[in-house]
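> Fold the following.
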Amino acid sequence: MQDQLTHVSYPHLPGYLYDCPACESRCHCEPGSAECVYEGQHNSNAGHDDVTLAMQECQAAQSEGREVSDACARVIASLYMDDDNGAALATSGAIIASPDTVWWSLFGGTDHNGNGFYKTMGREALLADMLGTYLINSGERGPVPGWSNLWLR
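Numbering: from 1, shown residues only. Next comes the predicted model:
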């Protein structure tokens, strides 16, 4: 009794495409894989990838009313960097432009269908939201000592 729902025709790995009814119907996680798009309980052997670790910290920070750690900010920036603004944050912790410019450089583009990237992020939009708060609270700044040693584990 595999997927009773049909996967959409767009090429993708089962479990990793938002808005695909079959992907969102159950957990598709395998040991060592990234966490799938299913909104419910995931298989216990999956979810030790960077996206999952960042999601876990963002969810905890949101429920505790705090901003994310520097390590989480670095991971998020590393996942989505696409220009010098994102690369500066990911590699050195420097925020070399206004917070909204850096956020837009990470999340403001369009996806393969021409849709606004942020709107297609599904539950990962929380990463963008929490990094946005981090950027606003941090403001423009130079490199952060020890930044290269930070990472979520």
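> Count the residues that sit near residue 13.
Look at residue 13: counted by other C-beta atoms under 10 Å, it has 12 neighbours. (Each C-beta comes from the backbone N, C-alpha and C, glycine too.)
> hmm, which helix or strand of this protein has the shakiest average pLDDT?
Least confident helix or strand of the chain, by mean pLDDT, DSSP states H and E, is helix 21-25 with a mean of 84.
> Walking through the chain, point out its helices one by one.
In the chain, the segments counted as helices under DSSP state H are 21-25, 50-64, 70-80, 84-92, 99-107, 125-138.
> domains for this protein, by residue range?
As recorded under automatic domain parsing, the domains making up the chain are 1-47, 50-149.
> out of the ones you listed, deepest packed?
Most buried of those by mean neighbour count (mean count of other C-beta atoms under 10 Å) is domain 50-149; its value is a mean of 17.
> related to what we said a few turns ago, any idea which of the domains of the chain scores lowest on pLDDT?
Note on the domains of the chain: domain 1-47 shows the lowest mean pLDDT, a mean of 72.
> ok, now which ones touch residue 118?
By C-beta atoms under 8 Å, 6 or more residues apart in numbering, the contact list for residue 118 reads 107-108, 125, 128.
> want to throw those into JSON lines with distance to residue 65?
Formatted as JSON lines, these follow (distance: C-beta to C-beta, whole Å):
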{"residue": "107", "distance to residue 65": "23"}
{"residue": "108", "distance to residue 65": "27"}
{"residue": "125", "distance to residue 65": "19"}
{"residue": "128", "distance to residue 65": "19"}
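> shouldn't residue 5 be in contact with residue 14?
No: judged on C-beta atoms under 8 Å, residue 5 makes no contact with residue 14 at a distance of 10.8 Å.
> Which neighbours do these two have in common?
In terms of C-beta under 8 Å, 6+ apart, residue 5 and residue 14 are both contacted by the residues residue 22.
> Looking at the helices of the chain, spot the one closest to residue 149.
For the helices of the chain, the distance to residue 149 is smallest for helix 70-80, at 9.0 Å, taking C-beta to C-beta.
> Centre of the chain to the closest one, how far?
Computed by C-alpha atoms, centre = their mean, to the nearest Å, the chain-centroid distance of helix 70-80 equals 8 Å.
> about what we covered before: mind putting the helices of the chain in TSV, distance to residue 149 included?
Listed next are the helices of the chain as TSV, based on distance: least, C-beta to C-beta, whole Å:
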stretch	distance to residue 149
helix 21-25	36
helix 50-64	16
helix 70-80	9
helix 84-92	12
helix 99-107	21
helix 125-138	18
